[in-house]
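Novice: This is a predicted model, with the sequence first.
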Amino acid sequence: MGLVKLRIREFAGKQGWTLKEVSERSGVPYGTIKTYALSDGMAMADVTALFKLARTFDVLVEDLVEIVKE
């Protein structure tokens with residue numbers, strides 16, 4: 001099974017937002033944002049959260065996800 005990393009910190013940094021601000025703007029709980037942003041690789045992620053984050057950063061879901069291990 002592959003592992004993915006979400007580029008939340010990178011996109012938040014481009015906007016000048018904190019992880020807390022990302023949470024507030026996206027509606028995704030802060031704990032989830034923090035877990036996703038700090039993880040080096042995850043096997044699963046909440047699809048609804050991914051779409052909310054992509055919409056918040058105005059990017060495609062594909063742009064938000066980085067495959068770190070196949």
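Specialist: Sure, I can see it. Numbers count the residues shown, from 1 in each chain.

Novice: Where does pLDDT dip in this structure?
Specialist: Flagging of the chain using pLDDT under 70 yields the residue ranges 1.

Novice: Could you tell me how many residues sit around residue 7?
Specialist: 19 (other Cβ atoms under 10 Å). Using the backbone N, CA and C atoms, a C-beta is placed for each residue, glycine as well.

Novice: Would you check that it makes contact with residue 65?
Specialist: Yes - between residue 7 and residue 65 there is a contact at 7.5 Å, judged by Cβ atoms under 8 Å.

Novice: right, and the helix or strand after the longest helix seen in the chain?
Specialist: Assignment by DSSP state H gives helix 47-57 as the longest helix of the chain. Later in the chain than helix 47-57, the nearest helix or strand by DSSP states H and E is helix 61-64.

Novice: What are the contacting residues of that next one?
Specialist: Here helix 61-64 makes contact (Cβ atoms under 8 Å, 6 or more residues apart in numbering) with 6-8, 11, 50-51, 53-54, 57.

Novice: For whatever helix or strand residue 68 lives in, which strands pair with it and how are they oriented?
Specialist: Assigning secondary structure by DSSP H and E places residue 68 in strand 65-69. When pairing is defined by DSSP bridges, strand 65-69 lines up against strand 3-6 (antiparallel).

Novice: List the contacts of the partner strand.
Specialist: Contacts of strand 3-6 (Cβ under 8 Å, 6+ apart): 36-37, 39-43, 45, 50, 53, 64-69.

Novice: re the thing from before, are any of the contacts of helix 61-64 buried, and which?
Specialist: 6-8, 11, 50, 53-54, 57 (16 or more other Cβ atoms under 10 Å).
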